[in-house]
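*Asks:* Turn this into a structure:
(2 chains)
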Amino acid sequence: MNLAGKIALVTGASRGIGREIALELARQGANVVVNFSGSEAKAGEVVDEIKSLGQDAFAIKCNVANSEEVAEMVKAVIDRFGRLDILVNNAGITRDNLLMRMKEEEWDDVININLKGVFLVTKAVTRQMMKQRSGRIINISSIVGVSGNPGQANYVAAKAGVIGLTKTTAKELASRNITVNAIAPGFITTDMTDKLPEDVRNEMLKQIPLARLGEPKDIAKAAAFLASDDAAYITGQTIHIDGGMVM
Amino acid sequence: MAADTLARVTKIIVDRLGVDESQVTLEASFKEDLGADSLDVVELVMELEDEFEMEISDEDAEKITTVGDAVNYIESQK
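*Replies:* Model prediction:
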């Protein structure tokens, strides 16, 4: 077990990719704090599953776009476990619309949660990680943050922003032995992609050399690797996990 | 000025920046005289917060550039 005894905080961990990352970190020995904003029952299921794996876990409600709630969440983690080794910034939403039709509110909601949220949670955990002289921060971006995608100006801008934020945070914190990397998933089967119409899905498949959608575990395995000591010399990188869509 | 405050601040600076105690004068600038980088100063402020059980706002922290600034700030908050 690569992560035995480590303490991890995963945002947006009640469903989809975040859920799978939380479970994979636990399988590798980490105790995991499961953040959620809406789905309390689902977060509870993730906590139960982690406990059945023999690791400690608890769920905590927090809107990552709210700095006060974020400060309370990080305090709760430190109060409970006394340290924090791994942060996975995964929480995200979509409010898709063509640029011409996109409402300011749709833009703001996505930027606030998907980009500002990463900034706020990262800032909040940095103090603890700096003191520890160690830490792993893994930001979940998206392949569309690299390639662009019609109908997702807000989401793409946020996810591209996360890549820039990752690089800057990596440079600022490298001297304190804190690594910061991003993962850019392609099309992964989750509630988010299940909402897509059939013809859109088929179009997507044509662009994927490996000719299938990804699974949440494809992302979770990479996140667990980046969180481990084996990835100590990797920082500031964005790993594309997209079946070869964008090279 | 409480000598005790200066002594505690000095100890933190010596431990954190690896400088000699004789270099830690009230006029000494963290960055220019004591070899600290920006992140070192942030960490020093964090340690002062812990040591003196106070919260130093980002706005106030930016004004702390010398040893004397730190000591004066801590004294003013007592």
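*Asks:* looking at this, residue A:20 is in a helix?
*Replies:* Yes - under DSSP: H, G, I helix; E, B strand; the rest coil, residue A:20 sits within a helix.
*Asks:* who touches it in this structure?
*Replies:* A:216, A:217, A:219, A:220 (C-beta atoms under 8 Å, 6 or more residues apart in numbering or on different chains). Using the backbone N, CA and C atoms, a C-beta is placed for each residue, glycine as well.
*Asks:* Counting neighbours, what do you get for the second one?
*Replies:* By the criterion of other C-beta atoms under 10 Å in any protein chain shown, residue A:217 has 15 neighbours.
*Asks:* Looks like it contacts residue A:24 (just checking).
*Replies:* Yes - using C-beta atoms under 8 Å, residue A:217 is in contact with residue A:24, at 6.9 Å.
*Asks:* Run through who's touching the worst-scoring helix or strand of chain A on mean pLDDT.
*Replies:* Ranked by mean pLDDT, DSSP states H and E, the weakest helix or strand in chain A is helix A:191-194, scoring a mean of 74. Contacts with helix A:191-194, where a contact means C-beta under 8 Å, 6+ apart, come from A:15, A:16, A:94, A:187, A:201, A:213.
*Asks:* repeat for stretch A:199-214
*Replies:* For stretch A:199-214, using C-beta under 8 Å, 6+ apart, the contacting residues are A:185, A:186, A:187, A:188, A:189, A:193, A:196, A:241, A:242, A:243, A:244, A:245.
*Asks:* And for stretch A:112-132?
*Replies:* A:9, A:11, A:63-67, A:70-71, A:73-74, A:78, A:83-85, A:87, A:89, A:91-93, A:135, A:137, A:139, A:155, A:157-159, A:161-162, A:165, A:169, A:173, A:176, A:178, A:180, B:39, B:42-43, B:46.
*Asks:* 7 Å instead, please
*Replies:* With contacts defined as C-beta atoms under 7 Å, 6 or more residues apart in numbering or on different chains, stretch A:112-132 is touched by A:11, A:64-65, A:67, A:70-71, A:74, A:78, A:83-84, A:87, A:89, A:91-93, A:135, A:137, A:139, A:155, A:158-159, A:161-162, A:165, A:169, A:173, A:176, A:178, B:43, B:46.
*Asks:* What are the buried residues along that stretch?
*Replies:* A:112-122, A:124-130 (16 or more other C-beta atoms under 10 Å in any protein chain shown).
*Asks:* so how far is residue A:36 from the nearest residue to residue A:37 once chain neighbours are set aside?
*Replies:* The shortest distance from residue A:37 to any non-neighbouring residue, by C-beta to C-beta, 6 or more residues apart in numbering or on different chains, is to residue A:63 (5.3 Å). Counting by C-beta to C-beta, to the nearest Å, the gap from residue A:63 to residue A:36 is 10 Å.
*Asks:* Among the two, which residue is more densely surrounded?
*Replies:* With neighbours defined as other C-beta under 10 Å, residue A:63 and residue A:36 compare such that residue A:36 has more, 25 against 18.
*Asks:* Report the residue spans of chain B with pLDDT below the cut-off.
*Replies:* Within chain B, the set of residues satisfying pLDDT under 70 comprises B:1.
*Asks:* what about the helices in it?
*Replies:* Per DSSP state H, chain B carries helices over the ranges B:3-17, B:38-51, B:58-63, B:67-76.
*Asks:* Check chain A and tell me which residue is nearest its centre.
*Replies:* Central residue of chain A (C-alpha atoms, centre = their mean): residue A:90, 2.1 Å from the mean position.
*Asks:* And the one helix or strand residue A:41 maps to, what's buried?
*Replies:* Per DSSP states H and E: residue A:41 is located in helix A:40-52. In terms of neighbour count (16+ other C-beta under 10 Å), helix A:40-52 has its buried residues at A:42, A:43, A:45, A:46, A:47, A:49, A:50.
*Asks:* Show me what it packs onto, helices and strands only.
*Replies:* helix A:16-27, strand A:31-36, strand A:57-61 (3 or more C-beta pairs under 7 Å, 6 or more residues apart in numbering or on different chains; DSSP states H and E).
*Asks:* got any ranges where chain A has weak pLDDT?
*Replies:* A:192.
*Asks:* Quick check: residues of it near chain B?
*Replies:* Taking C-beta under 7 Å from any C-beta of the partner chain as the measure of proximity, chain A contacts chain B at A:127, A:130, A:172, A:175.
*Asks:* Just give me the longest helix of chain A.
*Replies:* helix A:153-173.
*Asks:* Name the residue closest to the centre of chain B, please.
*Replies:* residue B:70 (4.5 Å).
*Asks:* Apart from its neighbours in sequence, what residue is nearest residue A:81?
*Replies:* Per C-beta to C-beta, 6+ apart, closest to residue A:81 is residue A:7, 4.4 Å.
*Asks:* actually residue B:8, not the one I typed
*Replies:* residue B:51 (5.9 Å).
*Asks:* Kindly report the same for residue A:118.
*Replies:* residue A:89 (4.4 Å).
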